[in-house]
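1. Give me a model of this one.
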Amino acid sequence: MKQYNYKNFYYENYTIETLDNIIKISFEFSIEGLTKFNPSLTIDKKKFKFFNNLNNSTAKRIVFCMGMVELISYWKCVCPPNIFINCAYIDQEEILWWKKLYFLGLGEFFYTNSITPKFDSFVNIICTSKDTFDINDYSFNKNDTYSNLIPVGGGKDSIVTLELLKSLKDKNLPLIINPRGASIESAHIAGYTNDKIFTISRAIDPNLLSLNKKGFLNGHTPFSAMLGFTSLLVGYIMGITNIVLSNESSANESNIQGTNINHQYSKSLEFELDFSNYIKKYISCDINYFSLLRPFSEIKIAQLFSKHKKYYSVFKSCNVGSKKDIWCGNCPKCMFVYIIMLPFMELSDLKTIFGKDMLDDYNLLSIFRGLIGMDPVKPFECVGTIEEVNLALNLAYDRHYKDSNLPILLDYYIKNYTGNKYINSTSLISFNENNIPDNLLRIVGDLQHD
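-> Below you'll find the model as predicted:
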């Protein structure tokens with residue numbers, strides 16, 4: 001990896017500005033001897049009634065925490081050994097909580113940049129401020145209309161959550177960060193008009209983009225942790241008790257065999273439980289943070305999604321094509337979604353969505369090998385488990401290809417794969433450990449053997 005002689009990163013400040021139609025949240029970071037950063041988020045107030053005050057200690061603490069996650073994106077460009085927190089006091093237990101998030105949430109970044117950190121020494125988090133958050137300056141006014149805040153990204157998972165909770169539609173508030181066609185259209189198809197969708201715009205500081213172009217370190221950060229604290233802020237000011245994520249059990253699997261390096265760490269159950277405990281201890285006992293899809297594997301979610309054809313033309317989760325709101329048809333995410341949907345969708349529908357039979361593209365062989373477990377590194381993307389991919393391929397063979405010429409990659413798989421091709425299909429209906437409140441657990445519990 002490149003070596004940089006920048007020793008100190010500073011979290012200087014956070015600000016909350018309430019304007020006529022928007023709320024602007026800004027952060028001030030700096031790397032001594034290099035540059036300053038001022039990323040921001042803009043909340044569209046629309047006509048929403050806020051039930052809790054943005055100026056009290058609880059809201060300020062949440063915004064401060066948003067900055068603690070946001071800073072990772074800026075710290076990582078040179079990985080200074082010291083992070084100084086100059087705008088609020090946090091105790092040693094909190095410092096260890098954040099250090100764990102940074103260490104595990106940056107696992108992929110460290111790996112791809114040939115960094116081999118040790119937990120105790122990869123960074124020192126030093127709190128210089130004595131400004132504490134007043135635990136007595138707390139109140140929570142419960143919303144009498146909305147009870148479920150649902151982040152929507154436009155992929156199949158959040159769509160399944162919207163559909164599972166459609167009987168509670170009047171109680172649900174979709175949340176979209178950096179709205180795009182797929183996310184907005186998905187919410188519209190689910191029956192939510194623009195005035196019933198909460199939107200936030202997140203802006204990256206141009207200085208970081210400039211450093212990236214110059215070759216400074218770049219890579220994956222735990223965005224879902226940022227989504228978690230941003231959702232928490234919206235949940236708090238809106239008085240909503242449930243933050244309903246759409247992360248599946250498959251997010252718990254590491255990408256490199258024999259390690260805990262996981263592209264999806266901040267979507268994992270481990271992080272979800274850590275986050276929930278942090279909320280209860282430091283922020284609010286009135287807000288629940290959980291994933292409605294945690295009991296299910298990706299292949300079960302694919303089965304559920306396939307029943308809602310009205311979303312086929314709009315759902316998207318390809319990061320490569322996200323700016324154009326398309327499926328690129330050439331990345332691990334596209335390949336995975338194609339495979340996991342094959343057992344449940346018509347081949348013609350999938351070819352229309354992705355523009356081809358992706359299993360008939362030899363150029364995707366290396367991606368394919370990683371997904372099925374023939375290579376030791378599973379692609380660094382939000383994809384399901386190796387076991388699920390193998391199960392999906394075998395189910396797809398039985399449905400689509402048994403009596404026809406095999407596409408190139410499926411033919412390769414049958415001739416070369418030496419692992420267990422015939423995974424027990426109980427993976428399809430697995431019902432795993434979760435953190436779902438009892439009243440909503442009943443909704444997903446009814447699907448266990450569906």
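2. any weak-confidence spans in the protein?
-> Along the chain, segments meeting pLDDT under 70 span 1-3, 419-431, 448-450.
3. tally of neighbours for the residue lying closest to F223 once chain neighbours are set aside?
-> Sequence neighbours aside, S266 is the residue nearest to F223 in space, at 7.1 Å (criterion: Cβ to Cβ, 6 or more residues apart in numbering). The way it works is simple: take the backbone N, C-alpha and C, and place the C-beta from them, glycine included. By other Cβ atoms under 10 Å, 25 other residues sit near S266.
4. S266 touches H220, doesn't it?
-> No - between S266 and H220 there is no contact, the gap being 10.2 Å when judged by Cβ atoms under 8 Å.
5. Just want the phi and psi numbers for Y146.
-> phi -90, psi 140 (degrees, to the nearest 10).
6. Excluding chain neighbours, give the residue nearest to it in space.
-> L173 (4.5 Å).
7. secondary structure class for the one you found?
-> Under DSSP: H, G, I helix; E, B strand; the rest coil, L173 falls in the strand class.
8. Now for the residue nearest to F223: which residues touch it?
-> By Cβ atoms under 8 Å, 6 or more residues apart in numbering, S266 lies in contact with 101, 105, 222-225, 228.
9. Kindly recompute the last result at 6 Å.
-> Residues in contact with S266, defined by Cβ atoms under 6 Å, 6 or more residues apart in numbering, are 105, 222, 224-225.
10. doesn't Y14 fall inside a helix?
-> No - secondary structure of Y14 (three-state DSSP): strand, not part of a helix.
11. Could you pull out the helices in the stretch 351-450 of the chain for me?
-> 365-372, 386-396, 408-416, 438-445 (DSSP state H, counting those that start in this stretch).
12. what's the closest of those helices to S313?
-> Between S313 and the helices of the stretch 351-450 of the chain, the shortest gap by Cβ to Cβ is with helix 386-396, which sits at 21.4 Å.
13. chain center to the closest one: distance?
-> Centroid displacement of helix 386-396 relative to its chain, using Cα atoms, centre = their mean, to the nearest Å, is 23 Å.
14. next one: stretch 86-105
-> That offset, for stretch 86-105, works out to 20 Å (Cα atoms, centre = their mean).
15. got the buried residues for it?
-> 87-88, 90, 94-95, 97-99, 101-105 (16 or more other Cβ atoms under 10 Å).
16. Which two of these have the greatest separation?
-> Largest pairwise distance in the buried residues of stretch 86-105, by Cβ to Cβ, is 24.6 Å, between C87 and L104.
17. Most neighbours out of the contacts of S266, which is it?
-> P222 leads the contacts of S266 on contacts (other Cβ under 10 Å) with 27 neighbours.
18. residues in contact with the residue nearest to Y146?
-> Here L173 is in contact with 146, 149, 198 (criterion: Cβ under 6 Å, 6+ apart).
19. Go again with 7 Å.
-> By Cβ atoms under 7 Å, 6 or more residues apart in numbering, the contact list for L173 reads 146, 148-150, 198, 238, 240.
20. So which of the residues you listed sit within helices?
-> Mapping these onto helices (DSSP state H) picks out M238.
21. Just send the contacts of L173 back as a markdown table, with neighbour count and distance to N262 too.
-> As requested, the contacts of L173 are arranged in a markdown table below (neighbours: other Cβ atoms under 10 Å; distance: Cβ to Cβ, whole Å):
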| residue | neighbour count | distance to N262 |
| --- | --- | --- |
| Y146 | 23 | 32 |
| N148 | 21 | 27 |
| L149 | 25 | 25 |
| I150 | 26 | 24 |
| F198 | 25 | 29 |
| M238 | 20 | 31 |
| I240 | 29 | 29 |
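22. can you pull the contacts of the spatially most central residue of the chain?
-> Taking Cα atoms, centre = their mean as the criterion, S224 is the residue nearest the geometric centre of the chain, at 3.6 Å. By Cβ under 7 Å, 6+ apart, the residues touching S224 are 266-267.
23. gap between it and V63?
-> 18 Å (Cβ to Cβ, to the nearest Å).
24. one step back: which one of the helices of the stretch 351-450 of the chain has the most crowded surroundings?
-> helix 386-396 (a mean of 23; mean count of other Cβ atoms under 10 Å).
25. Output that helix in CSV with nothing but the alpha carbons.
-> Only the C-alpha atoms of helix 386-396 are listed here, as CSV (Å, rounded to 0.1, in the frame of the first residue of the first chain):
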residue,chain,number,x,y,z
ILE,A,386,-22.2,-19.7,-1.7
GLU,A,387,-24.7,-22.3,-0.6
GLU,A,388,-27.6,-20.3,-1.9
VAL,A,389,-26.0,-19.7,-5.3
ASN,A,390,-25.4,-23.4,-5.7
LEU,A,391,-29.0,-24.2,-4.7
ALA,A,392,-30.3,-21.6,-7.1
LEU,A,393,-28.3,-23.0,-10.0
ASN,A,394,-29.6,-26.5,-9.4
LEU,A,395,-33.2,-25.3,-9.1
ALA,A,396,-32.8,-23.2,-12.2
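26. now the angle between helix 365-372 and that helix, please.
-> Helix 386-396 and helix 365-372 meet at an angle of 110 degrees, taking axes from the mean of the first three to the mean of the last three Cα atoms, to 10 degrees as the criterion.
27. circling back: what about the residue nearest to F223, distance to F275?
-> From S266 to F275 the distance is 8 Å (Cβ to Cβ).
28. Let me see the ranges of the strands in the stretch 1-150 of the chain.
-> 8-18, 22-31, 35-37, 40-44, 82-85, 124-127, 148-151 (DSSP state E, counting those that start in this stretch).
29. how about those in CSV, adding distance to F140?
-> Conversion of the strands of the stretch 1-150 of the chain to CSV gives the following (distance: least, Cβ to Cβ, whole Å):
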stretch, distance to F140
strand 8-18, 18
strand 22-31, 19
strand 35-37, 32
strand 40-44, 19
strand 82-85, 26
strand 124-127, 27
strand 148-151, 14
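30. Tell me which of these lies nearest to I414.
-> strand 148-151 (39.2 Å).
31. The helix or strand following that closest one - contacts with which helices or strands?
-> Per DSSP states H and E, strand 148-151 leads on to helix 156-164 as the next helix or strand towards the C-terminus. On a contact count with 3 or more Cβ pairs under 7 Å, 6 or more residues apart in numbering; DSSP states H and E, helix 156-164 meets strand 148-151, helix 298-306.
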